[in-house]
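Asks: I would like to see how this sequence folds:
(chains A and B)
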Amino acid sequence: DAMVIQNPRYQVTQFGKPVTLSCSQTLNHNVMYWYQQKSSQAPKLLFHYYDKDFNNEADTPDNFQSRRPNTSFCFLDIRSPGLGDAAMYLCATSRGLGLAGGILNTGELFFGEGSRLTVL
Amino acid sequence: QKEVEQNSGPLSVPEGAIASLNCTYSDRGSQSFFWYRQYSGKSPELIMSIYSNGDKEDGRFTAQLNKASQYVSLLIRDSQPSDSATYLCAAQLNTGTASKLTFGTGTRLQVTL
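Replies: Here you go, the predicted model:
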């Protein structure tokens, strides 16, 4: 079955120790997203890729970086995790519909199972 | 002002009843709307999308959209204990050069036996 796979599912790190979370997809979607979700809160978009074009949200801290080496894979790097970065990190994909003059990302997102980060 | 607002709940309904979940959005330019279901500790799963005013039915689920009132709702008929989850409403705004999907904080639904 086509799917979005995140690894690891659970990650425990120490304060300030870098972490990398990975996401792979077999849906062949050209848009990939990273969301952060804390308990009882809405998913918060950190950044997304349309193909290889990187789009950073204005309020995403510099501590968060991302790489997309190819269509299928995307990585989230947290360079120096703080206690406030403990959260569920969700990778999602969608089809991007290129339109003349702009890009339309469909809101129909397919999420991976998430990576839960604990910071000690 | 929150861009997408939902009552956090919990909304408690007995098994077999109709659950009614509501959502309002602030940006009148929002064009597409989505309902995601999220079980505790799991990731969101798309269950309904609606793009035009009126009702859209899919099995036990009906999404309703009223753009004039900036209001979206989800009805779940014959509620089952397996429907117990948090339901996230999302609104998409397309500006022609970008699109932005904004989630609400979700309404927790409890279906009781």
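
Asks: Mind giving me the packing neighbours of the helix or strand of chain B with the lowest mean pLDDT?
Replies: In chain B, the helix or strand scored least confidently by mean pLDDT, DSSP states H and E is strand B:99-103, which has a mean of 85. In terms of contacts (3 or more C-beta pairs under 8 Å, 6 or more residues apart in numbering or on different chains; DSSP states H and E), strand B:99-103 is packed against strand A:102-105, strand B:85-94. C-beta coordinates here come from the backbone N, C-alpha and C atoms, glycine included.

Asks: Tell me what B:Thr24 is bridged to.
Replies: Under DSSP bridges, the beta-bridge partners of B:Thr24 are B:Glu5, B:Tyr71.

Asks: rank the helices and strands packed on strand B:99-103 by pLDDT, which is bottom?
Replies: Mean pLDDT per stretch puts strand A:102-105 lowest among the helices and strands packed on strand B:99-103, at a mean of 62.

Asks: The helix or strand just after that one - what's its average pLDDT?
Replies: Note on strand A:102-105: by DSSP states H and E, the next helix or strand toward the C-terminus is strand A:110-111. Averaged across strand A:110-111, pLDDT comes to 94.

Asks: How about residues contacting strand A:110-111?
Replies: Residues outside strand A:110-111 that contact it (C-beta atoms under 8 Å, 6 or more residues apart in numbering or on different chains): A:3-4, A:25, A:27, A:29, A:90-94, B:43-46.

Asks: Just checking, which helix or strand succeeds that strand along the chain?
Replies: The first helix or strand that comes after strand A:110-111 along the chain, using DSSP H and E, is strand A:115-119.
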